[in-house]
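Undergrad: fold the following for me, if possible:
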Amino acid sequence: MRYIIKHKTFILFLTVLWCIMNGNFLISTIFSGCIFSSLSVIISCHLPDGEQYIHSLNISFFRFIKFIFILFINIYKSAFYIIKLILMSNINPRLETVNTTLKNDWSIFFLANAITLTPGTVTINRHGNTLTILTTTDTDTIINKSIEKTLRKGVRH
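TA: A predicted model of the protein is given here:
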């Protein structure tokens, strides 16, 4: 129980990801997400050095909510952009290397997952603060500066 209380923000994050991947926010989905997220944290804390790594995550709750809000906006904007590309038959996927100003491993982890959740982009590799991304969008729009700023201020190591 102490692991759940100690890592409640991380469990909330995992639950939101669970709901996004299930495509709904029904009570049953939220409940199952909370259970599976809690189990994941408990199991991770019992792995060698697992608790130390999870404990290194320090997220501001309000910045996390802001991150989720900005992420939803970007997902919908990107979805409409991809629909437009599909209708115009103008999809040209390519690999892009993007440098981020984030230094924290957790911040880069959240950014890479946010990029992958956004339609038209998939994070393929990470080396330091450089991400390799398969994309169909413009290079300038791959990383939203407001998400990067929110992660820089909200996730501390």
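
Undergrad: and the helix or strand hosting F31, what does it pack onto?
TA: Taking DSSP states H and E as the definition, F31 sits inside helix 27-46. If contacts are counted by 3 or more CB pairs under 8 Å, 6 or more residues apart in numbering; DSSP states H and E, helix 27-46 sits against helix 2-6, helix 8-22, helix 50-55. To be clear about C-beta, it is placed using only N, CA and C from the backbone, and glycine gets the same treatment.

Undergrad: now the angle from the helix ranked longest in the chain to helix 8-22?
TA: The longest helix of the chain (DSSP state H) is helix 61-87. Going by axes from the mean of the first three to the mean of the last three CA atoms, to 10 degrees, helix 61-87 is angled at 20 degrees with respect to helix 8-22.

Undergrad: any buried residues in helix 61-87, and which?
TA: By 16 or more other CB atoms under 10 Å, the buried positions in helix 61-87 come out as R63, F64, K66, F67, I68, I70, L71, N74, S78, Y81, I82.

Undergrad: where does L102 sit: helix, strand or coil?
TA: Following DSSP: H, G, I helix; E, B strand; the rest coil, we place L102 in the coil state.

Undergrad: and the closest residue to it other than its chain neighbours, how many neighbours?
TA: Excluding the flanking residues, the one nearest L102 by CB to CB, 6 or more residues apart in numbering is I108, at 5.1 Å. If you count neighbours by other CB atoms under 10 Å, I108 ends up with 20.

Undergrad: one more: G23?
TA: Residues near G23, counting by other CB under 10 Å: 8.

Undergrad: who's in contact with it?
TA: If you count contacts by CB atoms under 8 Å, 6 or more residues apart in numbering, G23 has none.
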